[in-house]
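Student: quick check, what structure comes out for this input:
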Amino acid sequence: MTAATPCWSCGGTTDGLFCAQCNALQPPKPGNLFARFGVPAAFDVDGAELERRYFELQRKLHPDKFASRGAKEREYSLQHTANLNEAHKVLRSPLLRAEHLLRVKGHAMPDGEHTVADPEILMHALEMREALAEASTRAEIEAVAAGARTEAAGIVQELSAAFAANDLAVAERLALRLRYLEKFSGEARERRVRASA
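Tutor: Purely as a prediction, here's the structure:
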């Protein structure tokens, strides 16, 4: 639960999205994305609950609901909506959710611009790229891509176990592997499109 703060409009005490006294929409507060949805900061999220909360918050915060209110509330509505959409995107993606959860737990991963120093991850990525380069038909490309998808699904399960055990070093390594697999899957999709053109 967030600390109570004075309402910007009437000075009343509020600890939520709206002031209990004047019902003014409050400004967005910094915090982790799980808190925006009111769900526990954990890797395993209930997808149906996440969607339910997302649409519930969208209904409350949509800019159309604030069209007749003052400029400040209209601006806050836009900020809340943008934040909500970003949080939804992150929490729906196993990779983005894992990266965010690591940051929440004070264990930030290197960003995508840094080279990964793990030789095992790098060697596996090289082998996958070679297999993709050698695939000449659409069926061969799809077989390589399907292997990557299967491996990614297994890593998501391993991430769940690592976070449940609070083994952040293992979770980081798994998230890096998943990052490479997702990048590889994008490359495979491009190859499939070119192969069918």
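
Student: okay, CA-based contacts and neighbour counts for the rest of this
Tutor: Noted.

Student: do you know how far Pro28 is from Arg192?
Tutor: In this structure, Pro28 and Arg192 are separated by 42 Å, where distance is defined by CA to CA, to the nearest Å.

Student: so which of these two has more stuff around it?
Tutor: Counting neighbours by other CA atoms under 10 Å for Pro28 and for Arg192 shows that Arg192 has the greater number, 19 against 16.

Student: surely that one touches Ala135?
Tutor: No. Between Arg192 and Ala135 there is no contact, the gap being 10.1 Å when judged by CA atoms under 8 Å.

Student: what do those two both touch?
Tutor: Jointly contacting Arg192 and Ala135 under the rule CA atoms under 8 Å, 6 or more residues apart in numbering are Ile141.

Student: who's in contact with Thr137?
Tutor: Per CA under 8 Å, 6+ apart, neighbours of Thr137: Ala195.

Student: gap between it and His100?
Tutor: Using CA to CA, we find Thr137 at a distance of 38 Å from His100.

Student: ok, now Leu17?
Tutor: According to CA to CA, Leu17 stands 23 Å off from His100.

Student: what's the average pLDDT for the lengthiest helix in the chain?
Tutor: The helix of greatest length in the chain, counted in residues with DSSP state H as the criterion, is given as helix 168-196. Mean per-residue pLDDT for helix 168-196: 89.

Student: helices and strands around that helix, which ones?
Tutor: helix 94-104, helix 119-134, helix 138-164 (3 or more CA pairs under 8 Å, 6 or more residues apart in numbering; DSSP states H and E).

Student: so where's this protein shaky on pLDDT?
Tutor: Scanning the chain for pLDDT under 70 picks out 1-3, 111-117, 196-197.

Student: quickly list the domain ranges of it.
Tutor: 5-92, 119-196 (automatic domain parsing).

Student: these into CSV, with extra columns for distance to Gly106?
Tutor: Rendered in CSV, the data for the domains of the chain read as follows (distance: least, CA to CA, whole Å):
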stretch, distance to Gly106
domain 5-92, 12
domain 119-196, 9
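
Student: ok, back up a step: pick the most deeply packed of the helices and strands packed on helix 168-196.
Tutor: For the helices and strands packed on helix 168-196, average neighbour numbers computed from mean count of other CA atoms under 10 Å are highest in helix 94-104, which has a mean of 21.
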